[in-house]
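# got a structure for you, letters missing:
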């Protein structure tokens, strides 16, 4: 059962997370915690001209939360707010509504598609996206 979601690529992504830590003076910070499993992700973002220029995160999560955070860290620098909101919606649709897998530079998120069949794992998989969305919304309010 769980072999479908905890495949070698997920384990590889989870064990190789870039940009771990915290930024000294971020434009915004957000923390999200999964009530179901206790996974926790804190993100720090610096944005200029609507594009993320610096990113760091503290990830205390299961392999799925680590894998999605790893993919986020690989792709977030250079992403616009709109792109990040869109990729979050795409992930949510992929998991909850059997939507299409992300494409382009976000295509590695397709490795998380098997999670759609395990509703209890959605929360930890989406933590990094929820934290980034909250941080971006906090920047809008400044």
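Nice, thanks for sending it over. Because the structure is predicted, anything quoted here is derived from the model rather than measured.
# where does the prediction get shaky in the chain?
1-4, 140-142 (pLDDT under 70).
# excluding its backbone neighbours, what's nearest residue 134?
Nearest residue to residue 134 in three dimensions, chain neighbours excluded: residue 30, at 3.7 Å (CB to CB, 6 or more residues apart in numbering). To be clear about C-beta, it is placed using only N, CA and C from the backbone, and glycine gets the same treatment.
# ok so the one you found is a strand residue?
Yes. Looking at residue 30 with DSSP: H, G, I helix; E, B strand; the rest coil, it is inside a strand.
# near it, how many other residues are there?
Neighbours of residue 30 under the rule other CB atoms under 10 Å: 20.
# what's the one helix or strand residue 86 maps to packed up against?
Residue 86 is part of helix 81-96, with elements assigned from DSSP states H and E. Packed against helix 81-96 by the contact rule (3 or more CB pairs under 8 Å, 6 or more residues apart in numbering; DSSP states H and E) you find helix 122-141.
# how about residue 25: what's its closest non-neighbour residue?
According to CB to CB, 6+ apart, the nearest residue to residue 25 is residue 46 (7.8 Å).
# no wait, residue 59
Closest to residue 59 by CB to CB, 6+ apart is residue 69, at 4.6 Å.
# give the contact list for the one you found.
Contact analysis of residue 69 by CB atoms under 8 Å, 6 or more residues apart in numbering lists 17, 41, 57, 59, 61, 127-128.
# closest one of the residues you listed to residue 100?
Closest approach between the contacts of residue 69 and residue 100, by CB to CB: residue 128, at 19.9 Å.
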